[in-house]
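K.L.:
Here is my input, please return the structure:
(2 chains)
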Amino acid sequence: MAQAGVLLLRLQNVKKVFNSFVAVDNVTLEVAEGEFVCFLGPSGCGKTTTLRMIAGLEMPTEGEIFLREKRITYLPPQQRAIGFVFQNYALFWHMTVYENLVFGLRLRRFPAAEINKRVHEIAERFELMDLLKVRAALLDLSAMQRVAIARTLLIDPHLLLLDEPLNNIRPGLREMMRADLKRMQQELGKTMIYVTHDQEEALTLGDRIVVMSKGKIEQVGSPQEVYDVPATLFVAGFIGRPPMNLFDVQYEVENGHSWLVWRQHRWCVDKVRNQIEAAQPEKGLVLGVRPEKLKISYEASGIPAKVLLVQPLGRKDVLTLDLEGTTVHGVIPSELRINVGDVVFVEFPPEGMHVFSTATKGAIVHGIS
Amino acid sequence: MKRKNIAMTARPPVISAILWILHRLVVLLVVGVFLVPAVWLLSISFKPPTEWQVFPPTLIPRSPTLDNYIVLFKPEAPRGTAAAMLRVTEPVTKSFLNSLIVVPIATALSVTVGFLAAYAVARFRVGGAFMPFFVLTTRMFPPVAFAVPLLVYYRWLRLIDTPLGLILIYAGFTLAFSLWMTKGFIEGVPRHIEEAAILDGASPWRVLFTITLPIVKGGLAATTLFVFILNWTEFLYALIFTSTKTITVPVQLSHYVGAVGRFYGPQAALGVVASIPVVILGYMIQRYLVTGFSFGLIRR
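P.N.:
The predicted model follows:
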């Protein structure tokens, strides 16, 4: 349902500078009607600032923002019809749930009958009927979230922005509320932009993920795409747990064959030679392999490595290996029963090898076979 | 409340009963320490002159009298030998009324302006980062240093010995406290709550009065009481800037001095009477005070 929609929101070369700190740098992005987009990145990467600019709580230093092809870059927040759910929900805790819900409608001078109708509809929908007379400060977290979202939906926004709404919630409840949120988004068909630093959350919730770092967009893609074909070294190192194994390698041509060389090991890259040579390989290359793609066994083929740590995760074990002095992570089925201190052999499968440029930090090729 | 319930159920009844008694004893002790001066004041106010300085001191007057109170209100009809030596000719009603006009107005002015200024400083950085400190510097001089220049201005503006003159001075000198105290409370209100209201379509003034103000009202109550007490007990400026018409309670208090010494009885009686407005105010805003002083604990 995602990409098929009509264009709803467009950010064009948006930049935000605080004093001399560039918080958001040249962000261009399009969001379609009905999409669930996740902004993912470490704290301080500019994702919340981008969200606040869309809401109108911050003004961009440069660039333009369009909502349904109408320029809203400098429009005051209340005229944008965009809902915002804050990290701590920002309920008016001195008011009752009912007062929280009607606050916006009253300010927008809706007739009393209409207010009543809308509030009761939404309270019914969000199971808040019994709580209408309760003070917001006394609610539990799940009810707070429902009030916060219900409040923003009452004014029928074009777009709902959520700023790490599940951040302070204990694991367990968190997964439940996440599932609720996803179901709700599908039922309502509302476009949502969801900010998080938790990749698991982003990968499970988002139709599309926008990975950000240091104010820039690193990659925009489906959860599968950002995982399988990371566009940059940052995405490769950020997405996935444990993260992708990265090795600094050299590019060499010998006897008419092209090779990636790491210490005394080398891999033939004839099939992707053109792509690699176009990307200035002499400035350095990085080879990346996902932990679960590494073939790890006791059979003597590949590079020997010592097992430093085994973390059982139910059906899988996460291994920490000492591969000739470099720490490498691997994921294997637990049936293999590998023990700490053993020597195992690691093979790099050609289809699981990603090659990045050290100079541009961008991906050159995914899979070398 | 909740915590007490948990403690009561988690411990054997005997231990919790002992803890309860210990708790009450500690509270009683603390309250006792704080009440000693007040009780002593009350005691002296009912004592005749012969008992003011007896040794060992007595808590209960041996021959209680209302003379000390009567002399406050009827100085022209002195009773007993000591009161006859008083040079006070004005009844306390006048200074009391003066204080009741000057202090509440000055306090309201100070807290209102302080709150609005604090909001401007806390939320909009009006005047830059240095502004709150700059306001505080008005309290970094000994107050008497301002007395002479102000006296010159006041003579020129004909504000000496007028309620307005005192109101302006009191409001001005407590403004720094009002600003700093309310600033702390305002900064405790999450900015996101205000932003949520803005997104809902509220103007800055509406945000201030329907969101921020109700949340910090406990803090405002605490600030009001604090500033009220400061103004109510102010002596130096009241002494310098009033002469006959606008004297306040603390100045009146200093008048109960005779050629042979202090008139502890009438002074104590006036002390008791003068405490009444403060006690009433404190009682009125009591329920806000708890949230005011424990502000950091209730916020999320």
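K.L.:
Identify each buried residue in stretch A:21-29, please.
P.N.:
By neighbour count with 16 or more other C-beta atoms under 10 Å in any protein chain shown, stretch A:21-29 contains the buried residues A:23, A:24, A:25, A:27, A:29. Where C-beta positions appear, they are placed from N, C-alpha and C, glycine not excepted.
K.L.:
Near residue 255, how many other residues are there?
P.N.:
Since no chain was named, I'll use chain A. The number of residues packed near residue A:255 is 5, by other C-beta atoms under 10 Å in any protein chain shown.
K.L.:
Sorry, I should have been clearer: chain B.
P.N.:
Residue B:255 is flanked by 20 other residues according to other C-beta under 10 Å.
K.L.:
same check, this time on residue A:234
P.N.:
Using other C-beta under 10 Å, the number of residues around residue A:234 comes to 22.
K.L.:
And it, how close does it get to chain B?
P.N.:
Per C-beta to the nearest C-beta, to the nearest Å, residue A:234 is found 29 Å from chain B.
K.L.:
cool, residue A:98 as well?
P.N.:
For residue A:98 relative to chain B (C-beta to the nearest C-beta), the value is 14 Å.
K.L.:
Can I take it that that residue is in a strand?
P.N.:
No. Per DSSP: H, G, I helix; E, B strand; the rest coil, residue A:98 lies outside any strand segment and is helix.
K.L.:
where does chain B have its least confident helix or strand?
P.N.:
helix B:2-10 (a mean of 43; mean pLDDT, DSSP states H and E).
K.L.:
Which parts of the following helix or strand past it count as buried, going by neighbours?
P.N.:
For helix B:2-10, the following helix or strand on the C-terminal side (DSSP states H and E) is helix B:13-45. By neighbour count on 16+ other C-beta under 10 Å, the buried set for helix B:13-45 is B:41, B:42, B:43, B:44, B:45.
K.L.:
which helices and strands does helix B:13-45 pack with?
P.N.:
For helix B:13-45, the contact count by 3 or more C-beta pairs under 8 Å, 6 or more residues apart in numbering or on different chains; DSSP states H and E identifies helix B:2-10, helix B:264-284 as packing neighbours.
K.L.:
tell me the most buried of those helices?
P.N.:
Mean neighbour count (mean count of other C-beta atoms under 10 Å in any protein chain shown) peaks for helix B:264-284 among these, with a mean of 18.
K.L.:
how much does that one deviate in direction from helix B:13-45?
P.N.:
If you take axes from the mean of the first three to the mean of the last three C-alpha atoms, to 10 degrees, helix B:264-284 sits at 140 degrees to helix B:13-45.
K.L.:
Would you map out the domains in chain B?
P.N.:
Per automatic domain parsing, the structural domains of chain B span B:13-64, B:93-295.
K.L.:
do the same with chain A
P.N.:
Taken from automatic domain parsing, chain A resolves into A:7-238, A:245-366.
K.L.:
now the ones you listed as CSV including distance to residue B:73 and mean pLDDT?
P.N.:
Below are those laid out as CSV (distance: least, C-beta to C-beta, whole Å; pLDDT from 0 to 100):
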stretch, distance to residue B:73, mean pLDDT
domain A:7-238, 45, 91
domain A:245-366, 85, 91
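K.L.:
Any idea which of those gets closest to residue B:132?
P.N.:
For residue B:132, the closest of the domains of chain A is domain A:7-238, at 20.4 Å, according to C-beta to C-beta.
K.L.:
what about that closest one, how long is it end to end?
P.N.:
Counting by C-alpha to C-alpha, to the nearest Å, you get 29 Å between the two ends of domain A:7-238.
K.L.:
roughly how far is that domain from the heart of the chain?
P.N.:
Relative to its chain's centre, domain A:7-238 lies at 14 Å (C-alpha atoms, centre = their mean, to the nearest Å).
K.L.:
With stretch B:109-126 instead?
P.N.:
In terms of C-alpha atoms, centre = their mean, the centre of stretch B:109-126 is found 21 Å from the chain centre.
K.L.:
What lies in contact with it?
P.N.:
B:127, B:131-132, B:135, B:167, B:170-172, B:174-175, B:177-183, B:186-187, B:191, B:194, B:208, B:212, B:220, B:223-224, B:227, B:231 (C-beta atoms under 8 Å, 6 or more residues apart in numbering or on different chains).
K.L.:
Show me which of these are buried.
P.N.:
Once neighbours are counted (16+ other C-beta under 10 Å), the buried part of the contacts of stretch B:109-126 comes down to B:132, B:135, B:167, B:170-172, B:174-175, B:177-183, B:186, B:194, B:208, B:212, B:220, B:223-224, B:227, B:231.
K.L.:
Next step: those restricted to helices.
P.N.:
Judged by DSSP state H, these include B:132, B:135, B:167, B:170-172, B:174-175, B:177-183, B:186, B:194, B:220, B:223-224, B:227, B:231 as members of helices.
K.L.:
what are the bridge partners for the most centrally placed residue in chain A, then?
P.N.:
The centroid of chain A falls nearest to residue A:40 when counting by C-alpha atoms, centre = their mean (3.0 Å). Note on residue A:40: beta-bridge partners by DSSP bridges are residue A:196, residue A:211.
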